[in-house]
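Asks: Fold the following for me, if possible:
(chains A and B)
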Protein chains: 2
Amino acid sequence: MSVTAAKGFSAAGVAAGIKSNGNPDLALVVNTGPRRSVAGVFTSNRVKAAPVVWSEGVIRTGAVGAVVLNSGGANACTGPEGFQDTRATAEKVAASLGGLRAGEVAVASTGLIGVRLPMDKLLPGVDTAAGALSADGGEDAAVAIKTTDSVHKTAVFEGEGWTVGGMAKGAGMLAPGLATMLVVLTTDADLGNDVLNKALRAATRVTFDRVDSDGCMSTNDTVLLLASGAAGVTPAYAEFADAVRTVCEDLARQLIGDAEGASKDIRIDVVNAASEDDAVEAGRSIARNNLLKCAIHGEDPNWGRVLSAIGTTAVAFRPDRVNVAINGVWVCKDGAIGADRDSVDMRGREVVITADLAAGGASATLWANDLTAEYVHENSAYSS
Amino acid sequence: MSVTAAKGFSAAGVAAGIKSNGNPDLALVVNTGPRRSVAGVFTSNRVKAAPVVWSEGVIRTGAVGAVVLNSGGANACTGPEGFQDTRATAEKVAASLGGLRAGEVAVASTGLIGVRLPMDKLLPGVDTAAGALSADGGEDAAVAIKTTDSVHKTAVFEGEGWTVGGMAKGAGMLAPGLATMLVVLTTDADLGNDVLNKALRAATRVTFDRVDSDGCMSTNDTVLLLASGAAGVTPAYAEFADAVRTVCEDLARQLIGDAEGASKDIRIDVVNAASEDDAVEAGRSIARNNLLKCAIHGEDPNWGRVLSAIGTTAVAFRPDRVNVAINGVWVCKDGAIGADRDSVDMRGREVVITADLAAGGASATLWANDLTAEYVHENSAYSS
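Replies: A predicted model of the protein is given here:
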């Protein structure tokens, strides 16, 4: 159901010819109101793609009537000309839809960095997409933002008389702050920007920001939450925030499950940390350790890599107190040899690493992937 | 030549049976004097292997008469029992050689983390090694410390009447602070601990600390510099420091050239940085970017990955001012599209990335490797 699960939204996904293979590459999501509330979270990379710079500005105006997203090109590191391309795209959307200013149109792009977009194809594609808009176009839109994703990703949460829906793309360069992802969430709940902003930041902090497929931060990450108010219902904050978090969690899990070339999804539970920040820092270091990621790929419960990764951080822990379990078997006790590593069953797709820092009561869960020859192949055989 | 190029040293390398494949796995380097000066640099990982903890203590006593090194087991994360194993090894060396206290014997180990060493094989091996000591045993010692190294690594610098020699092992988990490496340097120059220490730290800071094969920091890194004084010559500090740096540079370059599964050696020159620290930080981020490492493997001059990596750091730079050359072709100018990427020839083993931060006058050079399917294979097919 995707972004059109919530009332007050229409969407479309079309093939504009930006991708040379003819696959869908342009998505349009339109908020038909009555309200046009919005919140956004963007990459923390200091090298930001033109559409990120543009959309950050759009969000600040406080109202978004449409989001246009393209795959097939990131429009990053394209200079002033690239920014003009983004502006022209927003202007074209405003003109095609009518009743909107370009400054109310958010733009998101994904694909190769350092290449100009083929505007001669993109702009006519906007007209095609505008003509294809429908109240059940959410799936088409989700398909059109795919890059190396093997499947499109959508999620829905049904509240009492209101709904949160969403779509996401992302299959590599997944790392916090955020993770090469384009995400559009919609709701028909009757809520203003402040509530959307608070709920979205609370949700991304513990979902997309804790996904680390390959340690690489994108120039294009964009997560938008739009509210149409069409349901005429204003849920309690806690209830709404929970819904947004649930949808983000669902999408984040789908991203990890479809990461480029991955054969394992690794859940890292850091427990008994002195603080949540410590738990996240330790988890991040574990998530990014290439040697551990290779070992997990080889179904080798190489817990020494976990300790070695924690040891590179500044978090509170004593090397002779830390315990590590892999799939529930405590292979490391008090920083030394624990249960027999041969008793760990790692044949399943999901591998759970539990790192007990024995330093406090805080915890955090992060998600990562293994490192595989297929990952190398996907990212070396052609530009991406 | 190796560690026995300098007068006043003997060495041996033998197969003690620590490795199951029967390859040499125990090395002994003995300083026969007249002096026993020493300096050491160790991993900055907070999870330190037992031999690192032991040898740090030995160095503090100010005199080292022998170094015993084993491959086939890291003796890391092995608890108090592992520390006793290290102590027993040093005691055995002292007893075998005579005239030495255990506290004057440095120990270094490399291999799998979290497994006890087979002391029933290692201790008799010490006797065998002591019996095999010779003034030209440096090559044998260099061979015995290999793990997944395809070749043994040695280097020599000849001064005026004095010499610096060295051996190194390391083929993965190469990252700063330091890089899974065991290195023993020897000199017959007549120098005290303070000079050795100053020269060694100055050298490692710009050589081993700027090698980053896979971003993973080891629990066992050890670099020792021993002086016998046997040449009876005291070179000027600058001359000696230059010799130590030259030998370290040579060994560091050999380590990168033999990194696990690598097909490319990547030299990263960061220029026009606001400070040397900034240059190193930017270089480190580039060196660790998995997507870039894959692109280099695929001979794809994907400069967007370079900008994306710099953008994740806190260094002084403006995204619209940075320039990037790959093998001399300025593919990125002012943060945007520069020369034609198709004009970059990346067929050679060495690839040079020049990142011009346009923010000052400082620079730094780092070395990294590409990421390959072979790396994944070597680190997933069996415990390492």
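
Asks: Specify the local secondary structure of the residue of the stretch 51-200 of chain A found nearest chain B.
Replies: For the stretch 51-200 of chain A, the residue closest to chain B is A:Ile113, as judged by CB to the nearest CB, at 2.6 Å. Every C-beta, even on glycine, is put in place using the N, C-alpha and C of the backbone. Following DSSP: H, G, I helix; E, B strand; the rest coil, the label given to A:Ile113 is coil.

Asks: Which pLDDT value goes with the nearest residue to it once chain neighbours are set aside?
Replies: Excluding the flanking residues, the one nearest A:Ile113 by CB to CB, 6 or more residues apart in numbering or on different chains is B:Gly304, at 2.6 Å. At B:Gly304, the model reports a pLDDT of 89.

Asks: Just the element for B:Gly304, please.
Replies: helix B:303-310 (DSSP states H and E).

Asks: from the middle of its chain, how far away would the helix or strand that comes right after that helix be?
Replies: Per DSSP H and E, the first helix or strand lying C-terminal to helix B:303-310 is strand B:323-326. Offset of strand B:323-326 from its chain centre (CA atoms, centre = their mean, to the nearest Å): 28 Å.

Asks: The helix or strand following strand B:323-326 pairs with which strands, parallel or anti?
Replies: Once strand B:323-326 ends, the next helix or strand along the chain (criterion: DSSP H and E) is strand B:329-333. Sheet partners assigned to strand B:329-333 using DSSP bridges are listed as strand B:323-326 (antiparallel), strand B:336-337 (antiparallel).

Asks: Deepest in the core, which of these is it.
Replies: Scoring these by mean neighbour count under mean count of other CB atoms under 10 Å in any protein chain shown gives strand B:323-326 as the most buried, with a mean of 24.

Asks: Name the residues that touch that strand?
Replies: B:301, B:303, B:306-307, B:330-334, B:338, B:344, B:346, B:351-356, B:358 (CB atoms under 8 Å, 6 or more residues apart in numbering or on different chains).

Asks: Please, where are all the helices along chain A?
Replies: All helices of chain A, identified by DSSP state H, fall at A:50-61, A:79-97, A:119-132, A:138-144, A:193-206, A:237-257, A:276-287, A:290-297, A:303-310, A:373-380.

Asks: Would you confirm that A:Thr354 contacts A:Ile266?
Replies: No - A:Thr354 lies out of contact with A:Ile266 (CB atoms under 8 Å); the separation is 11.5 Å.

Asks: Compare the two and say which one has the larger neighbour count.
Replies: Taking neighbours as other CB atoms under 10 Å in any protein chain shown, A:Thr354 and A:Ile266 compare with A:Ile266 leading, 25 against 21.

Asks: Count the residues that sit near A:Gly261.
Replies: 23.

Asks: Quick check: it vs chain B, distance?
Replies: 9 Å (CB to the nearest CB, to the nearest Å).

Asks: Quick one: residues contacting A:Phe317.
Replies: By CB under 8 Å, 6+ apart, the neighbours of A:Phe317 are A:Ala273, A:Ala274, A:Asp278, A:Ala282, A:Ile310, A:Leu357, A:Ala358, A:Ala359, B:Arg46.

Asks: quick one: the closest residue to chain B within the stretch 201-350 of chain A from B:Ala108, how far?
Replies: Taking CB to the nearest CB as the measure, the stretch 201-350 of chain A has A:Gly304 as its residue closest to chain B, at 2.6 Å. According to CB to CB, to the nearest Å, A:Gly304 and B:Ala108 sit 17 Å apart.

Asks: and what of A:Pro34?
Replies: With CB to CB as the criterion, A:Pro34 and B:Ala108 are 72 Å apart.

Asks: More neighbours: which of these two?
Replies: The neighbour comparison of A:Pro34 against B:Ala108 (other CB under 10 Å) goes to B:Ala108, with 32 against 11.

Asks: Report the contact partners of that one.
Replies: Taking CB under 8 Å, 6+ apart, one finds B:51-52, B:55, B:67-70, B:145, B:182, B:184, B:220, B:222, B:224 in contact with B:Ala108.

Asks: what bridges to it?
Replies: B:Leu69.

Asks: is it true that the residue of the stretch 51-200 of chain A closest to chain B touches B:Ser308?
Replies: Yes - taking contacts as CB under 8 Å, A:Ile113 lies within contact range of B:Ser308: 6.6 Å.

Asks: Hmm, A:Gly361 is touching A:Asp278, no?
Replies: No - look at A:Gly361 against A:Asp278 with CB under 8 Å: they stay out of range, at 11.1 Å.

Asks: which one of the two has more residues nearby?
Replies: Ranked by neighbour count (other CB under 10 Å), A:Gly361 and A:Asp278 place A:Asp278 first, with 22 against 9.

Asks: Give me the nearest residue to the more buried one, chain neighbours excluded.
Replies: A:Val315 (4.0 Å).

Asks: count of neighbours near A:Val280?
Replies: 24.

Asks: go on, A:Asp136?
Replies: The burial count for A:Asp136: 12, using other CB under 10 Å.

Asks: cool, A:Met167 as well?
Replies: 31.

Asks: Give the bridge partners for it, please.
Replies: A:Thr154, A:Val184.

Asks: how far away is it from A:Leu196?
Replies: Counting by CB to CB, the gap from A:Met167 to A:Leu196 is 17 Å.

Asks: circling back: which one of the strands paired with strand B:329-333 lies nearest to A:Gly137?
Replies: strand B:336-337 (34.0 Å; CB to CB).

Asks: how distant is that closest one from the center of its chain?
Replies: For strand B:336-337, the distance to the chain centre is 37 Å (CA atoms, centre = their mean).

Asks: same check, this time on stretch A:330-348
Replies: On CA atoms, centre = their mean, the centre of stretch A:330-348 falls 32 Å from that of its chain.

Asks: Just the buried positions in it, please.
Replies: Across stretch A:330-348, burial judged by 16 or more other CB atoms under 10 Å in any protein chain shown covers A:Val331, A:Cys332, A:Lys333, A:Asp334, A:Gly335, A:Ala336, A:Ile337, A:Gly338, A:Ala339, A:Arg341, A:Val344, A:Met346.

Asks: Kindly report the same for stretch A:158-171.
Replies: A:Gly159, A:Trp162, A:Thr163, A:Val164, A:Gly165, A:Gly166, A:Met167, A:Ala168, A:Lys169, A:Gly170, A:Ala171.

Asks: per-residue pLDDT, the closest residue in space to A:Asp356 that isn't next to it in sequence?
Replies: Nearest residue to A:Asp356 in three dimensions, chain neighbours excluded: A:Asn323, at 4.1 Å (CB to CB, 6+ apart). Note on A:Asn323: pLDDT of 97.

Asks: Let me know the distance separating A:Asn323 from A:Ile337.
Replies: For A:Asn323 relative to A:Ile337 (CB to CB), the value is 12 Å.

Asks: can you check A:Ala309 too?
Replies: Distance from A:Ala309 to A:Ile337, by CB to CB: 18 Å.

Asks: can you check A:Leu225 too?
Replies: 48 Å.

Asks: and what of A:Val105?
Replies: 59 Å.

Asks: Tell me who's in contact with the spatially most central residue of chain A.
Replies: Residue closest to the average C-alpha location in chain A (CA atoms, centre = their mean): A:Met181, at 4.0 Å. The contact partners of A:Met181, taken as CB under 8 Å, 6+ apart, are A:Ala168, A:Lys169, A:Gly170, A:Leu174, A:Phe208, A:Ser218, A:Asp221, A:Thr222, A:Val223, A:Leu255.

Asks: Equivalent analysis for A:Thr372, please.
Replies: A:Gly261, A:Ala262, A:Ser263, A:His297, B:Val376, B:Ser380.

Asks: burial count for the residue nearest to A:Asp278?
Replies: For A:Val315, using other CB under 10 Å, the count is 21.

Asks: Pretty sure it sits against A:Glu281.
Replies: Yes - counting by CB under 8 Å, A:Glu281 is a contact partner of A:Val315 at 5.2 Å.
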